[in-house]
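# build me a structure from this.
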Amino acid sequence: MARRKNKELIELARDIGGDEAIEVIKVLEKKPDITDDEIAEETGIRVNTVRKILYALYDEGLADFKRIRDKETGWYYYYWRLETKKLPEILRAKKMAELKKLKEMLEEETSEIYYWCGKEGHPKLTFDEAMEYEFQCPICGEMLMQYDNTEIVEELKKRIEELEIELGLRKKPKKSASKKKSK
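The predicted structure is shown next:
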């Protein structure tokens, strides 16, 4: 369980700030209550970048800090620590947002018929858009043909099903009786 949690944390850190965020997370795991300057020194990452990552982690609920004032200088020092108690909630919210986006994409892909010239990087056009261009590609001028998005639709459906199962919104499909007998 701890290994899975760490893997999820690393993936989330990568989404937030790339490889540099992963390095910051690793330092925070080893040394709680550490300053941004100390993290920068230990990782070799510029202190401004470390601060940007720390604030992004803070905004996501993955890091927290305490502020202490130096009595001699009057300066404030921020001591950062990793906060993983909310990790399951954060991951669930991200997956729910991804699910919503995928469902919107599926709706878009299944509600329209698209046309395309077949060249990589050229736009897929809806029927109305294709009519405006008289069924000619606006980039190369070639004739537009109906775009077969079956593969995209199937991939979206598959990912939606996987996410819904992960989130407990759908049960795993049961294996058919013929598969059980062959085992």
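# neighbours around Leu82, how many?
Using other C-beta atoms under 10 Å, Leu82 has 21 other residues around it. Yep, even glycine has a C-beta here, placed from its N, CA and C like the rest.
# got phi/psi on it?
phi -80, psi 140 (degrees, to the nearest 10).
# and the protein, what are its domains?
Domain assignment of the chain by automatic domain parsing yields the ranges 2-85, 91-177.
# format these as a markdown table; extra columns: mean pLDDT.
Listed next are those as a markdown table, based on pLDDT from 0 to 100:
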| stretch | mean pLDDT |
| --- | --- |
| domain 2-85 | 90 |
| domain 91-177 | 92 |
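# deepest-packed of the ones you listed, please.
Among these, domain 2-85 has the highest mean neighbour count (mean count of other C-beta atoms under 10 Å), at a mean of 15.
# so where do the helices sit in the protein?
For the chain, the helices defined by DSSP state H cover 2-30, 36-43, 47-60, 87-111, 127-132, 150-166, 177-182.
# so for Ile68, which of those sits nearest?
When the helices of the chain are compared by C-beta to C-beta, helix 36-43 sits nearest Ile68, at 13.2 Å.
# list the helices and strands the closest one packs on?
Helices and strands touching helix 36-43, by 3 or more C-beta pairs under 8 Å, 6 or more residues apart in numbering; DSSP states H and E, are helix 2-30, helix 47-60, strand 76-82.
# same thing but 10 Å
Counting contacts by 3 or more C-beta pairs under 10 Å, 6 or more residues apart in numbering; DSSP states H and E, helix 36-43 is packed against helix 2-30, strand 34-35, helix 47-60, strand 76-82.
# what angle sits between that helix and helix 47-60?
Counting by axes from the mean of the first three to the mean of the last three C-alpha atoms, to 10 degrees, helix 36-43 points 110 degrees away from the direction of helix 47-60.
# chain center to helix 36-43, what's the gap?
Offset of helix 36-43 from its chain centre (C-alpha atoms, centre = their mean, to the nearest Å): 26 Å.
# kindly report the same for stretch 153-164.
Distance, stretch centre to chain centre, for stretch 153-164: 16 Å (C-alpha atoms, centre = their mean).
# how about the CA coordinates for it, as CSV?
Only the C-alpha atoms of stretch 153-164 are listed here, as CSV (Å, rounded to 0.1, in the frame of the first residue of the first chain):
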residue,chain,number,x,y,z
VAL,A,153,-14.7,6.6,-29.5
GLU,A,154,-13.7,3.1,-28.4
GLU,A,155,-10.6,4.4,-26.6
LEU,A,156,-12.7,7.0,-24.8
LYS,A,157,-15.3,4.4,-23.7
LYS,A,158,-12.6,2.1,-22.5
ARG,A,159,-10.9,4.8,-20.4
ILE,A,160,-14.2,6.0,-19.0
GLU,A,161,-15.1,2.5,-17.9
GLU,A,162,-11.6,2.0,-16.3
LEU,A,163,-12.0,5.3,-14.4
GLU,A,164,-15.6,4.5,-13.3
